[in-house]
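Undergrad: Would you be able to build a 3D model of this:
(one chain, ligands or ions: 1)
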Amino acid sequence: MENILYKSTRDSQKIVTASQAILKGLSDDGGLFVPVKLPKLDRSIKELSGMGYKEIAYEVMKLFFSDFTQEELKNCIDNAYDSKFDTEEIVPIASADGAFYLELYHGATIAFKDMALSILPHLMTTAAKKNNIKNEIVILTATSGDTGKAALAGFADVKGTRIIVYYPKGGVSFIQERQMVTQKGDNTMVVGIKGNFDDCQTGVKNIFGDKELAKELDAKGFQFSSANSINIGRLVPQVVYYVYAYAKLVARGELKEGEKMNVVVPTGNFGNILAAYFAKNMGIPIAKLICASNENKVLFDFFETGIYDRNREFMLTNSPSMDILISSNLERLIYMIAGEDSQKDVSLMQQLNKEGRYEITPDMKEKLADFVGGYATQEETCRTIKEMFDKTGYVLDTHTAVASKVYSDYVNKTKDTTKTVIASTASPFKFTTSVMEAIEGKKSDEPDFELVDRLSRISGMKVPKAIEEIRTAPTRHDHIYEKENMVDAVREFLALS
Ligand SMILES: *Cc1c(COP(=O)(O)O)cnc(C)c1O
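TA: All right, here's what the predicted structure looks like:
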């Protein structure tokens, strides 16, 4: 098998192994790690269609994480995709109103982030061993709501690691916040920030970039890493389920071998849809990659105009995990369409940093032909949830509803009949308040858990364990920091001076 190495989007000369890229998270130059060459699947669709989730996970990950031994990788996979998931299939595929819904939310924290974050801690501790790292790894994570809890659940009580999660206070759902602040594990810390998600993400990037702090940490036996989707150890496990979806639909006779499918992804940081793009480049017959945004529609505008412009009002919407104006993972795509020219990438990212905007060249824009952008307003999101429920009984969460609406707009406009998979990114229970408001047509001032029980009754779905757990769990974290002082949380938690 080919040895796949990684380089930084901002310096093509900086070459590291997969395990080193996972350990570092972000390159020292601020760039993101990308494979020097995207591997091709070395199994046929026929072979893949006879495999289960874990087997496909191995077939995909072995290509990207080529410095892990077979035993190491299989161990990581076995430890990740086990009874933490409430279904043996790991990722069921539902069919509703003319599309397939790839249900990525059956893990411990009922959002798709579990797909990658249940394996990342294992990849990371294995990578630390391989590279003789003696320091304790300190994971810093900015969250728009779902990454935080999934990362906490993944890293809680994992030996040799600690984790600090920063979330925008007031910018996440009631259930998301409860899930995080009740987190157990002495190696965990949860911090509310007076700011929005972009503030949290920028703050974390600044802490990573602080060389003095890194030295101070090293002297005390610590080093940072990231559990955000900038980490290649997050991105690669997400490629798996697009390969799985295709293979399963072929196995079920829904797709003929080689027949193309479209993929619709409700997008925020551009990680999930980039994983689909990787799957396509590895050989999965994907036609269109449809990028669905909420009212924070920077990506929609980008695909329309070739201009990325974050100079606009940040909207708090009913799909909070997509309330993002700086989509970090887009940098990987920019680098690829710039012909892997790190100078071009650096110059665009500097413009983004200084002016909040950049424009790509017509050449680069041409390479985006497989991407289609769309967006849905909050009102449209609610209407989509209600119409789907009334028509089919299937319940969408608010994020998946954004994708569903964008998909139906796309079909109306193009009459494209290609079979389509919609990434279903969260359980409706995670966003019960908004989902029930949509279904019942009015806001309710009842306690959230009343609504949870009513959603369960009307949908016939059992209340997920992740929700039952937080009904009565005590609050364990109540730190609130100004966005300028995020580093103080690190100092406090690690008892630095
Ligand atoms: C994180 C998240 C998204 C956005 O995914 P990205 O990889 O950031 O584009 C969409 N829906 C839900 C429920 C999420 O948690």
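
Undergrad: before we move on, what SS does the residue nearest to Asp210 when sequence neighbours are not counted have?
TA: Closest residue to Asp210 apart from its sequence neighbours, by C-beta to C-beta, 6 or more residues apart in numbering: Val487 at 7.3 Å. From N, CA and C alone the C-beta is placed, and that goes for glycine too. Secondary structure assignment for Val487 (DSSP: H, G, I helix; E, B strand; the rest coil): helix.

Undergrad: Now for Leu496, how many residues are close by?
TA: Using other C-beta atoms under 10 Å, Leu496 has 15 other residues around it.

Undergrad: How about the contacts made by it?
TA: Contacts here follow C-beta atoms under 8 Å, 6 or more residues apart in numbering; on that basis Leu496 touches 216-217, 220, 490.

Undergrad: Give me the buried subset of the residues you listed.
TA: 217, 490 (16 or more other C-beta atoms under 10 Å).

Undergrad: Pick the one among the contacts of Leu496 closest to the ligand.
TA: Using C-beta to the nearest ligand atom, Val490 comes nearest to the ligand of the contacts of Leu496, at 23.6 Å.

Undergrad: what packs against the helix or strand encompassing Asn353?
TA: Using DSSP states H and E, Asn353 maps to helix 342-355. Helix 342-355 is packed against helix 330-337, strand 357-359, with contacts defined by 3 or more C-beta pairs under 8 Å, 6 or more residues apart in numbering; DSSP states H and E.

Undergrad: please redo it, this time with the cut-off set to 10 Å
TA: Counting contacts by 3 or more C-beta pairs under 10 Å, 6 or more residues apart in numbering; DSSP states H and E, helix 342-355 packs against strand 6-8, strand 11-16, strand 307-309, helix 330-337, strand 357-359.

Undergrad: Packing partners of the longest one?
TA: Read that as helix 330-337. Counting contacts by 3+ C-beta pairs under 10 Å, 6+ apart, helix 330-337 packs against strand 33-35, helix 271-282, helix 298-305, helix 342-355, helix 362-366.

Undergrad: Find the closest residue to the ligand in the stretch 51-200 of the chain.
TA: Asp146 (3.1 Å).

Undergrad: residues contacting that residue?
TA: Asp146 sits next to 105, 109-114, 117, 172-173, 176, 179-180, 268, 320-321, 399, 425-426, 430 when contact means C-beta atoms under 10 Å, 6 or more residues apart in numbering.

Undergrad: which one is His477 nearest to, not counting chain neighbours?
TA: Val190 is the one closest to His477 (C-beta to C-beta, 6+ apart), at 3.7 Å.

Undergrad: ok, how many other residues are close to that neighbour?
TA: Val190: 26 neighbours (other C-beta under 10 Å).

Undergrad: do the same with Glu257
TA: Residues near Glu257, counting by other C-beta under 10 Å, number 12.

Undergrad: show me what contacts Ile22?
TA: Residues counted as contacts of Ile22 (C-beta under 10 Å, 6+ apart) are 6, 16, 33, 65, 68, 120, 123-124, 126-128, 130-131, 225-226, 231-234, 236.

Undergrad: ok, 8 Å please
TA: So Ile22 contacts 65, 120, 123-124, 127, 225, 231-233 (C-beta under 8 Å, 6+ apart).

Undergrad: Now, those that are in helices?
TA: Among the contacts of Ile22, the residues falling in helices (DSSP state H) are 120, 123-124, 127, 232-233.

Undergrad: re earlier: quick one: closest of the helices and strands packed on helix 342-355 to the ligand.
TA: helix 330-337 (9.6 Å).

Undergrad: ok, and does that closest one reach over to the ligand?
TA: No. Helix 330-337 lies out of reach of the ligand by C-beta under 6 Å from any ligand atom, never closer than 9.6 Å.

Undergrad: and the closest residue to the residue of the stretch 51-200 of the chain closest to the ligand other than its chain neighbours, what does it touch?
TA: Using C-beta to C-beta, 6+ apart and skipping the chain neighbours, the partner closest in space to Asp146 is Ala111 (3.8 Å). Residues in contact with Ala111 (C-beta under 8 Å, 6+ apart) are 104-105, 146, 149-150, 321, 425-427, 430.

Undergrad: Tell me which of the residues you listed fall in helices.
TA: 146, 149-150.

Undergrad: Which residue in those has the weakest pLDDT?
TA: On pLDDT alone, Asp146 ranks lowest of the ones in helices among the contacts of Ala111, at 89.

Undergrad: quick one: contacts for Val395?
TA: Val395 is in contact with 385, 388-389, 428, 435, 439, 455, 459, 461, counting by C-beta under 8 Å, 6+ apart.

Undergrad: For the stretch 101-250 of the chain, what lies in contact range of the ligand?
TA: So the stretch 101-250 of the chain meets the ligand at 111, 113, 146, 229 (C-beta under 6 Å from any ligand atom).

Undergrad: does the first one have beta-bridge partners, and which?
TA: What it means is Ala111. Ala426 (DSSP bridges).

Undergrad: Show the model's pLDDT score for Gly67.
TA: Just to correct that, residue 67 is Asp rather than Gly. Listed pLDDT for Asp67 reads 96.

Undergrad: Please disregard the earlier target; I meant Asn228.
TA: 86.

Undergrad: What's the local residue count around it?
TA: Other residues close to Asn228 by other C-beta under 10 Å number 24.

Undergrad: a strand runs through it, doesn't it?
TA: No. With three-state DSSP as the criterion, Asn228 is located in coil rather than a strand.

Undergrad: hmm, back to that, which of the contacts of Ile22 sit farthest apart?
TA: Phe65 and Ser225 (15.6 Å; C-beta to C-beta).

Undergrad: Tally up the residues packed near Asp157, please.
TA: That count, for Asp157 with other C-beta under 10 Å as the rule, works out to 11.

Undergrad: Now it: which helix or strand?
TA: Counting by DSSP H and E, Asp157 is part of no helix or strand.

Undergrad: Make a markdown table out of the helices and strands packed on helix 342-355 and add mean pLDDT.
TA: Shown next, in a markdown table, are the helices and strands packed on helix 342-355 (pLDDT from 0 to 100):
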| stretch | mean pLDDT |
| --- | --- |
| strand 6-8 | 98 |
| strand 11-16 | 92 |
| strand 307-309 | 98 |
| helix 330-337 | 98 |
| strand 357-359 | 98 |
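
Undergrad: what residue ranges in the stretch 351-497 of the chain score low on pLDDT?
TA: Of all residues in the stretch 351-497 of the chain, none has pLDDT under 70.

Undergrad: Please enumerate the helices of it.
TA: Taking DSSP state H, counting those that start in this stretch as the test, the helices found in the stretch 351-497 of the chain are 362-366, 378-392, 398-414, 432-440, 448-459, 465-470, 486-494.
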